[in-house]
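[1] Let's see this in three dimensions:
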Amino acid sequence: MIIAADIGNTNIVIGFIDKEGVKKVFRIATDRGRTSDEYKILLSSFIEEEGIDRNALDDFVISSVVPPLVPIFKSVSKKTIHKDAIIIKNDMDLGIKLDVDEPYLVGTDRLCDVIGAINIFPKENICVVDFGTATAFNVITKDKRFIGGPIAVGIIAAANALFVKTAKLPRIALKLPESVIGRNTIEQMQSGIIIGLGGMVDRLVDEIEQELGEPLRVIATGGISHVMKRATKRIEKFDKQLTLKGMYNIYERIKGIQDQ
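    You can find the predicted model right below:
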């Protein structure tokens, strides 16, 4: 079993994964001010509460879009399982080609997404829509070329912008409203944010597919991706743990290469 830490701008998602899949998931807020000792205590408490056998933890794998937290979590790995962490980098041999102008700037979370998706739809063109701090569209072709994808505003950022920047609009629960028109302020905001974002997703996926000139399979992931169910017509599969699964796929590849 491995510990996989997906370090994002808003949340850190830590998965305990083996060949059978993701066993446990631990989600905490990203805090650049926390020390490795503080993160270690949080992680150790979760391990104890969930009854996870420390002796079964083989490796600690990190994917991060927050560079200052990489050395912090390298230290967490040392303190938790007494091993050097495996850091996923976009210049590794991941079995895909980064067919973009600036491959060194591609976030490893995006690569984990598409590698996880390849295992679901092998030999097909895929777009992974990751609903996180931003809404990222990650396109991988059937010949395993990562060709980029639009990056748009995230659901929470959009909702917070309405709440913070307008005096009379309340903070709302993010869920699909019963009415698109909306009979009250909350429904109207939910419609604008969620159904509006769903429309953006469908339009962008259609445009990507037209540009490719070939059919495109669409998967959604991200901690709040479930909010978008029934708000979009193009997303055919929702998998909140896709990034973690992709991290495990990369881990298996890395270990396979190292063991040759």
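[2] how many neighbours does Gln241 have?
    Residues lying near Gln241 (other C-beta atoms under 10 Å) number 20. C-beta: built from backbone N, CA, C; applies to glycine.
[3] That one and Lys23 touch, don't they?
    No - look at Gln241 against Lys23 with C-beta atoms under 8 Å: they stay out of range, at 10.5 Å.
[4] joint contacts of those two?
    Any residue near both Gln241 and Lys23 by C-beta atoms under 8 Å, 6 or more residues apart in numbering counts here, and that gives Gly15.
[5] Would you map the helices across the stretch 51-200 of the chain?
    Using DSSP state H, counting those that start in this stretch, the helices of the stretch 51-200 of the chain run over residues 69-81, 108-118, 155-165, 185-190, 196-212.
[6] where does Arg171 fall, phi/psi-wise?
    Backbone torsions of Arg171, given as degrees, to the nearest 10, read phi -70, psi 140.
[7] follow-up on the earlier one: need the helices of the stretch 51-200 of the chain in TSV (columns: mean pLDDT and distance to Ile96).
    Below are those laid out as TSV (pLDDT from 0 to 100; distance: least, C-beta to C-beta, whole Å):
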stretch	mean pLDDT	distance to Ile96
helix 69-81	98	22
helix 108-118	97	7
helix 155-165	86	28
helix 185-190	92	37
helix 196-212	97	16
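[8] is it possible to export the ones you listed to TSV including distance to Gly256 and mean neighbour count?
    Output for the helices of the stretch 51-200 of the chain, formatted as TSV (distance: least, C-beta to C-beta, whole Å; neighbours: other C-beta atoms under 10 Å):
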stretch	distance to Gly256	mean neighbour count
helix 69-81	21	19
helix 108-118	14	26
helix 155-165	37	15
helix 185-190	46	18
helix 196-212	31	16
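[9] now the stretch 101-250 of the chain, which segments are flagged as low pLDDT?
    Across the stretch 101-250 of the chain, nothing is flagged by pLDDT under 70.
[10] any idea how far the residue of the chain positioned farthest from its centre lies from Phe26?
    Here the chain reaches farthest from its C-alpha mean at Arg183, the gap being 33.8 Å by C-alpha atoms, centre = their mean. Arg183 sits 39 Å away from Phe26, going by C-beta to C-beta, to the nearest Å.
[11] Check Gly51 too.
    For Gly51, the distance to Phe26 - C-beta to C-beta - is 13 Å.
[12] what does the domain assignment say about this structure?
    Listed domain ranges for the chain are 2-87, 97-246 (source: automatic domain parsing).
[13] does Lys24 really touch Phe16, like I thought?
    Yes - between Lys24 and Phe16 there is a contact under C-beta under 8 Å: 4.4 Å.
[14] intersection of neighbour lists for these two?
    Shared contacts of Lys24 and Phe16 (C-beta under 8 Å, 6+ apart): Glu50, Ile52.
[15] So between those two, which is more surrounded?
    Neighbours were counted for Lys24 and for Phe16 using other C-beta under 10 Å; Phe16 has more, 20 against 16.
[16] Would you list the strands that the helix or strand containing that one pairs with, along with their directions?
    Following DSSP states H and E, one finds Phe16 within strand 11-18. With DSSP bridges as the test, strand 11-18 is paired with strand 2-7 (antiparallel), strand 21-29 (antiparallel).
[17] Quickly compare those and say which is most buried.
    Highest mean neighbour count of the strands paired with strand 11-18: strand 2-7, a mean of 25 (counted as mean count of other C-beta atoms under 10 Å).
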